[in-house]
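**Student:** For reference, the sequence and a predicted model appear below.
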Amino acid sequence: MLKQLSLRNARRQAREYALYFITLTCTVSFLYAFNTLLFSDSVKALPEMQVLPYMIVAASVLIVLITGRIVSYMAGYMLKRRSREFGIYMLCGIPNRGIASLLSRETLLMGMLSFGPGMLLGMVVSQLLEAIVLPMLGSRYRLRIPFSLPGAGLTLSYFFLMLLSSLAKNRRWIRRVTLRDLLAL
């Protein structure tokens, strides 16, 4: 029953989830673009730039921290927007654990739906990054369709780590919250 309720709520609140979806998609695209640049043959071929991969890793970690905070904020924002709905669920007898499970399913569904478009957008952004970075470093840029399996794997791990940490934070909040707290928001 909670699975059906979760899917129905996601469809019903698609407009409210649009900003969250866009945030997740952009997060995936930026992560993939920097991770692809890290594993790019063009960047590896630059002889005098041994420090460049370290700079890309530092930028990637910075992106993870910043976008992780943004994803966490957006998830919290969605919680507050839906606080009355969760209060009604509590009145109907759904325990906090069930509401947390419902929220987890919705969040994971949004994450899975945003990953594919984020990867496609990330391919475009990675080409833009290479078009900017390589000529600055004295190398030639060639347009290609980039798909980096190691970059995709690293992006997947970063993204779902961020998503799961945000989800864990929100699950803790849902489990502790009372009906009075929800209706007061």
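**Tutor:** Done, it's in. Not measured: the values here are computed from a predicted model. Numbering: from 1, shown residues only.

**Student:** Please name the residues that touch the nearest residue to R142 once chain neighbours are set aside.
**Tutor:** Spatially, and ignoring its direct neighbours in sequence, R142 is nearest to S42 (7.7 Å; CB to CB, 6 or more residues apart in numbering). All C-beta spots, glycine's among them, are computed from the backbone N, C-alpha and C. With contacts defined as CB atoms under 8 Å, 6 or more residues apart in numbering, S42 is in contact with 130, 134, 139, 141-142.

**Student:** Mind jotting down where the strands sit in the chain?
**Tutor:** Taking DSSP state E as the criterion, the chain carries no strands.

**Student:** Sketch out the low-pLDDT regions of it for me.
**Tutor:** 1-3, 5-7, 9-10, 43-49, 185 (pLDDT under 70).

**Student:** Could you state which residue of it sits nearest its centroid?
**Tutor:** Closest to where the C-alpha atoms of the chain average out (CA atoms, centre = their mean) is L24, at 3.8 Å.

**Student:** returning to that earlier point: most neighbours out of the contacts of S42, which is it?
**Tutor:** Per-residue neighbour counts (other CB atoms under 10 Å) across the contacts of S42 peak at E130, which has 22 neighbours.

**Student:** That'll do, ta.
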